[in-house]
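Asks: Generate a structure from the sequence data that follows.
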Amino acid sequence: MVVAPPITLPAPNGQVSVSPNVGIVAQPPRGTSNAAAGRRSVVGPIREARPGTTPRAAESPRPDPNAIPSGEAIPKPTQSSSDLRSVPVLDVSFGSLANRALEGEPGATSLAQAAPGPVSEEIPVPNPTMVVEPTPAFDSITPIPDPGFQAQPVSRRPLVRFGQWFRKFQPDAGLGQERVMLAPFAIDLSQPFNNLRLTPQAYYGVRNPDKAELLFAQPSSLGGRGTPLPNASANYQRYDIVLEMATAKFSLSTDYPLMLVDPSNNPTHGGFGDMNITTKLVFAENANWQLTYMMRTFMPTGSPGKGTGTGHVSMDHGLLFRYRVNCKLYWHNEFAFQFPLGGDPTWQGDLVTYATGLSYVLMETDLVAWMPTLELVGNSVLGGMQSISDFGLTQKIDSLTMVSIMPGMRVAMDKESVLGMLELGVSSGFSPTTERMFTSMIRFDARWSF
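Replies: As a prediction, this is how the structure comes out:
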């Protein structure tokens, strides 16, 4: 590589320093600014002199139409202070000036002789009178509000204000906050989701099991198609296998229970009970609440003579409502109306169910969550008849209301399995009222969500 020392050549308004390895720099005379000199520096790479090359003929200098004659004053710019100024700039062809001098072309003994006429070019230069505002201190910077953020106004409704107050406490999310809305046992869930559920449950001290043909049919000794003799009470167990397939807004589930019945005045029997098919449709929802319509159809697949079925079809229509108090606490509600189709006209009756309950995240990690529940279930029987003793005494029902309290605990475990997430739960119940569906009950629940 050939390294040449810097070469200086005269220019109309200053000097030009040329370095073979750097480029060409236009310098104004001492004490003169670039603006007054009317020139700007232009830097361009200079090619090396290649050995063995034939020198080219010297080119005649081209006249510069914008050059200022020697001895004349340089005009001052006339632009206003608010505009940008343009000054002429010495434009040197890319490497031509220095390379011709280095290659020893005839007549180009100096860069001044080899240099072509300068070419003017208009380049905008910032106005020297422009004022640059200083950067403000960090403490004086006013934060810019996020246009997407909207503060939630405080509501005057007590329930909404209660939920807003609870939402101030938002801990880090774990497994419990993902499953707490699905924790209840007795109340039908408003959220459709894919799951397989095995639920063994036992009821003790069921009074008047043939009331309004809700559990047993009218006794055959009294003209019905139920058990041979009337029953004042009964104990029974049922094992439910529930499969629910769902989308985001709709679900279809089937339940075909296995019944073990122990009536007070008839032999113990077992067999399949009445099958039911349930559909759910989410009507409306937002981040805090959900409203779902439910329809359940009971089909007479059980045996009414053994006490495992009612012998007629029943329809159940209801509304399910869920409210998010905060990320760990949910409030659940159910209102349903069940009516029979094809039962005994004098014995059958309607059933109204209204229930409310809470589910809460007690402890949680990313893999395990403990969620207690508390449910209050009410049942009102409208119309029909019932047996009140083992000797055939009957009673007409106008309106009969029963209330049950059911506490429970559900544990969710996020472990990889073929069937998905496993949740285990246990729930019990008792009735504090004189009229009751049962004296006590217990329920176990194993659920796989997939």
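
Asks: secondary structure class for Glu178?
Replies: helix (DSSP: H, G, I helix; E, B strand; the rest coil).

Asks: where's it relative to Met371, distance?
Replies: Distance, Glu178 to Met371, by C-beta to C-beta, to the nearest Å: 11 Å. Just so you know, the C-beta spots here come from the backbone N, C-alpha and C atoms, and that holds for glycine as well.

Asks: Those two: which has the busier surroundings?
Replies: Neighbour totals were compared for Glu178 and Met371, and Met371 leads with 28 against 16 (other C-beta atoms under 10 Å).

Asks: who does that one bridge with?
Replies: Arg410 (DSSP bridges).

Asks: what's the answer for Tyr293, then?
Replies: The residues that Tyr293 bridges to, once DSSP bridges is applied, are Leu281, Leu319.

Asks: Could you pull up the contacting residues of it?
Replies: Lys280, Leu281, Phe283, His317, Gly318, Leu319, Leu320 (C-beta atoms under 8 Å, 6 or more residues apart in numbering).

Asks: Quick one: residues contacting the fifth one.
Replies: Spelled out, it's Gly318. Asp188, Tyr293, Met294, Met295, Arg296, Glu334, Phe335, Ala336, Phe337, Thr353.

Asks: For those residues, which single residue is the most surrounded?
Replies: In these, the most neighbours by other C-beta under 10 Å go to Glu334, 24 neighbours.

Asks: quick one: it from Ser428, how far?
Replies: 19 Å.

Asks: can you check Pro345 too?
Replies: 37 Å.

Asks: same deal with Gly357?
Replies: 14 Å.

Asks: Between the two, which has more neighbouring residues?
Replies: Neighbour tally, Gly357 and Ser428, criterion other C-beta under 10 Å: the higher count belongs to Gly357, 23 against 14.

Asks: Could you name every residue contacting both of Gly357 and Ser428?
Replies: Shared contacts of Gly357 and Ser428, counting by C-beta under 8 Å, 6+ apart, come down to Met406.

Asks: Now do the contacts for the nearest residue to Gly383 once chain neighbours are set aside.
Replies: The shortest distance from Gly383 to any non-neighbouring residue, by C-beta to C-beta, 6 or more residues apart in numbering, is to Gly349 (4.0 Å). Gly349 is in contact with Lys211, Ala212, Glu213, Leu214, Pro340, Val381, Leu382, Gly383, Gly384, Met385, Ile397, counting by C-beta under 8 Å, 6+ apart.

Asks: For Gly318, see how far away the second one is.
Replies: The reference is to Ala212. From Ala212 to Gly318 the distance is 18 Å (C-beta to C-beta).

Asks: Please apply the same query to Gly307.
Replies: Distance from Gly307 to Gly318, by C-beta to C-beta: 26 Å.

Asks: Next: Leu362.
Replies: Leu362 is 29 Å from Gly318, by C-beta to C-beta.

Asks: and of the contacts of Gly349, the nearest to Met409?
Replies: Leu214 (28.4 Å; C-beta to C-beta).

Asks: count of residues packed around that closest one?
Replies: Count around Leu214 with other C-beta under 10 Å applied: 23.

Asks: Same check on the one 10 residues further on?
Replies: The number of residues packed around Gly224, counting by other C-beta under 10 Å, is 22.

Asks: next one: phi and psi at it?
Replies: phi -100, psi -160 (degrees, to the nearest 10).

Asks: Would you enumerate the residues in contact with it?
Replies: Counted by C-beta under 8 Å, 6+ apart, Gly224 has contacts Ala217, Gln218, Pro304, Asp344, Trp347.

Asks: Same list (those) but as a markdown table, adding neighbour count and pLDDT.
Replies: Formatted as a markdown table, those follow (neighbours: other C-beta atoms under 10 Å; pLDDT from 0 to 100):
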| residue | neighbour count | pLDDT |
| --- | --- | --- |
| Ala217 | 27 | 95 |
| Gln218 | 28 | 94 |
| Pro304 | 23 | 95 |
| Asp344 | 21 | 92 |
| Trp347 | 26 | 95 |
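
Asks: Name whatever forms a beta bridge with the closest residue to Phe321 other than its chain neighbours.
Replies: Once flanking residues are discounted, Phe321 sits nearest to Asn333: 4.3 Å by C-beta to C-beta, 6+ apart. Counting by DSSP bridges, Asn333 is bridged to Phe321, Thr356.

Asks: how far away is Asn333 from Ala246?
Replies: 20 Å.

Asks: cool, Ile397 as well?
Replies: From Ile397 to Ala246 the distance is 37 Å (C-beta to C-beta).

Asks: Gln191 too?
Replies: On the measure of C-beta to C-beta, Gln191 and Ala246 end up 8 Å apart.

Asks: I'd assumed Met294 was in contact with Tyr283.
Replies: Small correction: residue 283 is Phe, not Tyr. No. At 10.5 Å, Phe283 does not count as touching Met294 under the criterion of C-beta atoms under 8 Å.

Asks: can you tell me the helix or strand for the closest residue to Arg436 other than its chain neighbours?
Replies: Leaving out its chain neighbours, the residue that sits closest to Arg436 by C-beta to C-beta, 6+ apart is Met402, at 5.0 Å. If you go by DSSP states H and E, Met402 is part of strand 399-413.

Asks: for that strand, packing partners?
Replies: Applying 3 or more C-beta pairs under 8 Å, 6 or more residues apart in numbering; DSSP states H and E, we find strand 399-413 packed against helix 175-179, strand 368-382, strand 421-430, strand 440-449.

Asks: Sheet partners, orientation included, of the last one?
Replies: It refers to strand 440-449. If you go by DSSP bridges, strand 440-449 pairs up with strand 195-207 (antiparallel), strand 421-430 (antiparallel).

Asks: in the protein, which segments are predicted with low confidence?
Replies: The model of the chain has pLDDT under 70 over residues 1-172, 416-417.

Asks: Which parts of it are helices?
Replies: 34-37, 96-102, 111-114, 158-166, 175-179 (DSSP state H).

Asks: care to break this structure down by domain?
Replies: 1-134, 158-449 (automatic domain parsing).

Asks: Could I get the contacting residues of Gly174?
Replies: Per C-beta under 8 Å, 6+ apart, neighbours of Gly174: Val361, Glu364, Thr365, Asp366, Ala369.

Asks: hmm, try it at 7 Å
Replies: Glu364, Thr365, Asp366, Ala369 (C-beta atoms under 7 Å, 6 or more residues apart in numbering).

Asks: Widest-spaced pair of the contacts of Gly224?
Replies: The widest separation within the contacts of Gly224 (C-beta to C-beta) is 11.7 Å, between Pro304 and Trp347.

Asks: roughly how far apart are Met441 and Pro407?
Replies: 12 Å.

Asks: neighbour-wise, which of those two wins?
Replies: A side-by-side neighbour count of Met441 and Pro407, using other C-beta under 10 Å, places Met441 first with 20 against 15.

Asks: so the more buried one sits right up against Tyr203, yeah?
Replies: Yes. Using C-beta atoms under 7 Å, Met441 is in contact with Tyr203, at 4.7 Å.

Asks: what's the burial count for Val180?
Replies: Val180 sits with 26 neighbouring residues when counted by other C-beta under 10 Å.

Asks: Many thanks, I have nothing further to ask.
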